[in-house]
Structures are given as structure tokens and as C-alpha cells.
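In: sequence and computational prediction follow.
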Amino acid sequence: MKTILSFALSCLCIMLLVSPSVHPFDSKDNVVATESVIVDTEPDESVASSPVAFSPYISIEKNLLSNGDLNFPTDNPFIPDLIDFEAVDMISVGLHVRKNQLFVNCALAAPWYNNSGRFNPCLDISTGINTGGTSVFGGLLVELSDDCETQISNLIYGGVSYSVSTAGPISTDIGMMIQTGSPESIGLSTDKWYHSVSLTARAGYNSGPVNPYVFATAERWYFNGDASNIVRFGIGLLIGGITTHPASAMPVRVDGRREMLVKKPNIYLYPSQASKVDVYIAPNGKILTSIPDYNTGWHVIAQPDGSIPNTDGFLFYEADVIIEIPEQGWSVSRSDLRSFFEDKLQAYGFNDKEIREFVEYWTVKLPSSQYYTIYPLLNDDLGAICPLTVVPEPDNVLRLWFVFEATSNHVVIEPPIVPEFDRSGFVVTEWGGIINEE
């Protein structure tokens, strides 16, 4: 993808260097605003054919107000991976090429996703025709990032726009656009598609090379039989040889993390002396069950030996959580599973009771398989997935979840380094497991 991005940048620079000296603001090449394409006014009938005009530009668009991200039912069977329909901000560097009524637009775009806090570069190419102030266009948006956590789904789009007013420096236009795409385009296993229909109105002030505008957009998205709406208001700025917003679709971010069920996390408390302890968890999904009842938190009396009244010596819960599977792990045969658990849990710092209860549960809970690939999630990982707060603050905390994948053969995988753990002072430990059944 880096090669594609470099090639596209090189082509753009070459086109700018060799472009003819056509002033973008000459009267015969005057540009008026449309919803998502560049619209030339009708050419002078006395001129049979105008030269090709090249107009480089920079476009910046900022959402100021929206009714939130699109939300679809959590039980939608579309795909197990998260699909994030965010109202994004956008910055683009592009080249608009026009000849008579035909136009082509090529841009390197970088949508900014507030939820993920990052840019996702993409290539946006569109073409169309304008006549009498009405433009018909179509385009393709292609993902350029290889970051699997925040990829954009490739998509195609098309639409029509109409210039309402071109008198004076003020330009106003309305337009409708349809776009469609599938996460399968970037390798996720689904044959489903999403679609959207949007209506946009813009009003701009054409002051020369710097042209500000405001916009309002209403969108309706369809997602495997479900529908959701979003309304956005914002401002934009065009810098360069065009005076209207270039062709662009609304990218859809595909989050490569997974929503999974973490089973039987047990939290053990070992205060230095008998103490009242308050324990709080905040999974990025939802708590499904707990013993004792979690309600607004656990408030218990814990003993130095780990015993907690009215429990089996631990706090239990299960939850739906959103995780990203680590790259490091182990491939373990079924026959070696028990010894692997005992050795690794001891190396991590769990005591005999904690190891015994883990082994008793997971050796019978895992689905039958010849091999298992096992990925560890530790304190820092779980702090982002399911933050744990204990009052009073413990001296040392050990948290470990294993993600299990059943495989028919041994998998070559880089093993992680097992950190040392100090069990002195007020100690809190936790273990749990997730079965990845994809």
C-alpha cells in the first residue's frame, strides 16, 4: 500500500508540473459550486472545443454538529467484526481535470475518525459530465492503509447535483448521492453489503484561491436489513484552482477488533489484613452475569488468605468485550494442555489455588481439537478492554486472559515473553478466557 501511495503522489506531482497554463478563474473556465463535483458553466457556443484545464486543490471539511454515529442493532448478523459509521472530518489533496462538459477528479484523501483518533488515507477517483448546471457523476474510493484495526471499506458511489445560484460570489447547490460497499473488499469474510443515500446542500463564497463554504447533509444507511439515520452540519475550505467541493464519498471504518464473550474471569483479593474492599470493572461491552451481583460494584470484606464471605474465594463475572487478538502466542496440542496451563500460569505468578481452578475449568470447557493457538492478554491490554479499579489501591495486580483458537494442526507463532510478578503486599489477581470461534 505504501508503494501505491507513493506512485499516486508521484503521478499527481508530474501532472501538476506538466499541466498547461490555464488560469482556473478565467471567465471561459469559470467554476460554480455543486454538491460533490466540479461544474463548468456552459461553454461559449462560438468556441468549438476548449483546452484541457488542470486545477490542483486542497480541501478541508470539518463536522461541527451531528446527531452522533450511526448505530445498528448489536445482534445484527451482518458480520462479527465492528463496523464504525462515523461522521468524519476530511482533508484532501487533489487534481481536477476538465474539458468542455467532461471532468475527472483524483484525490488523496485522509478522513479523520474521532473515535479512533487517527487518519486513514485513501484514493478517491471520480468522473462525470455537466450540462446546464446539472452534473451526473460516479466514483471509486480505495483503501490505502494496511492497518487492520482501522481499515476503510472500499466503496463505489454516484449521484447528481444541481447548481441553484451562481450570481455574484455566492454559490449554492444541492445534490443527492448513493454509495455502496462491503467489508469483504478488504478481506473480511462476508458477502453482505451496506448502502447509503444522502442529500446535501452547500453555500459557498467564491473569493478567489481561498473559498469557504457551509454544508448540511442528511444520510440514511442500510445495513443488512436494518436502517439508521445521521444528520451533519459543518464548514469547509477549498484552497487552489477550484471553487466547489470535489467529488468524495463518506468512508466507512471497519474495526478489525472483535466483540467476544470472556468466560469466568475470577478476581482474587489478598489484602495484607482483613479489609473492606471495593472493586469496579468497566468492560467496553457489557456485563452479562456476576457473582455476587455486581450492581454498582462489589463491596466485600476480604481476608489475607483470599477468602471472601458468601463466595468461593473470588469475584466472578462474564461479559461481552471488544478485543484485538495479539500477534504473539503459543500453539499447544490437546495432550499437552494441562501441563502447559500449569507451567505458564506458575511462570506468570499465579498461586496453586488459582492455577488449579483455572485448569479444572478450561481443560473441560474448550472445544475438542487437536491443537489450540493461545494468545495472552495482560494488564495493559485488559486496562483498555475492561478497566479494573480496586479501593484501597493494591500494591501489585496480575491480570491474564487467554484467547483460545482451536486448530487442526500446529501453528508456527512467535511466543511472548512472560513478565515476572511480585506477590508482596496487597495483591489482586485475575484470570479468564475467551474462545474465538470464528
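Out: Looks like it arrived, so ask away.
In: pull the contacting residues for the closest residue to I287 other than its chain neighbours.
Out: If the residues on either side of it in the chain are set aside, I287 comes closest to A319, at 4.8 Å by Cβ to Cβ, 6 or more residues apart in numbering. Placement of C-beta: from N, CA and C, glycine included. A319 makes contact with L261, V262, P265, I281, P283, G285, K286, I287, L288, C386 under the criterion Cβ atoms under 8 Å, 6 or more residues apart in numbering.
In: in what element of secondary structure is the first one found?
Out: Same thing as L261. Take DSSP states H and E as the rule and L261 turns out to sit in strand 253-270.
In: quick one: name whatever helix or strand follows that strand.
Out: strand 275-281.
In: buried residues in that next one?
Out: V277, V279, I281 (16 or more other Cβ atoms under 10 Å).
In: strand partners (parallel or antiparallel) of that strand?
Out: strand 298-302 (antiparallel), strand 388-391 (antiparallel) (DSSP bridges).
In: that strand - what's its average pLDDT?
Out: Strand 275-281 shows a mean pLDDT of 97.
In: what does the following helix or strand past that strand contact?
Out: Downstream of strand 275-281, the first helix or strand assigned by DSSP H and E is strand 286-291. The contact list for strand 286-291 (Cβ under 8 Å, 6+ apart) reads L261, I281, Y294, W298, T311, L315, F316, Y317, E318, A319, D320.
In: among those, which ones are buried?
Out: Counted by 16+ other Cβ under 10 Å, the contacts of strand 286-291 give I281, Y294, W298, T311, L315, F316, Y317, E318, A319 as buried.
In: and the residue nearest to I287, what helix or strand is that in?
Out: Going by DSSP H and E, A319 is part of strand 315-323.
In: that strand to strand 298-302, inter-axis angle?
Out: Here the directions of strand 315-323 and strand 298-302 differ by 130 degrees (axes from the mean of the first three to the mean of the last three Cα atoms, to 10 degrees).
In: and strand 315-323, what's its mean pLDDT?
Out: Strand 315-323 comes out at a mean pLDDT of 91.
In: please compute how far the helix or strand that it is followed by lies from its chain's middle.
Out: Later in the chain than strand 315-323, the nearest helix or strand by DSSP H and E is strand 330-333. Its chain's C-alpha centre and that of strand 330-333 lie 31 Å apart, by Cα atoms, centre = their mean, to the nearest Å.
In: how about stretch 120-139?
Out: So, by Cα atoms, centre = their mean, the centroid of stretch 120-139 is 26 Å from its chain's centroid.
In: try stretch 59-67
Out: 18 Å.
In: what does stretch 274-291 give?
Out: For stretch 274-291, the separation from the chain centroid amounts to 28 Å (computed by Cα atoms, centre = their mean).
In: if we can go back for a sec, and of the buried residues of strand 275-281, the nearest to A302?
Out: A302 lies nearest to V277 out of the buried residues of strand 275-281, by Cβ to Cβ, at 4.7 Å.
In: report the beta-bridge partner residues of the residue nearest to that closest one when sequence neighbours are not counted.
Out: Spatial nearest neighbour of V277, excluding adjacent residues (Cβ to Cβ, 6+ apart): A302 at 4.7 Å. Beta-bridge partners recorded for A302 (DSSP bridges): S275.
In: just the buried ones among the contacts of strand 286-291 now: which is nearest Y162?
Out: Distances from Y162 to the buried ones among the contacts of strand 286-291, taken by Cβ to Cβ, are shortest for A319, at 51.0 Å.
In: what's across from the closest one in the sheet?
Out: Going by DSSP bridges, A319 forms beta bridges with V262, I287.
In: same question, A218
Out: Bridge pairing for A218 - DSSP bridges - gives L199, V231.
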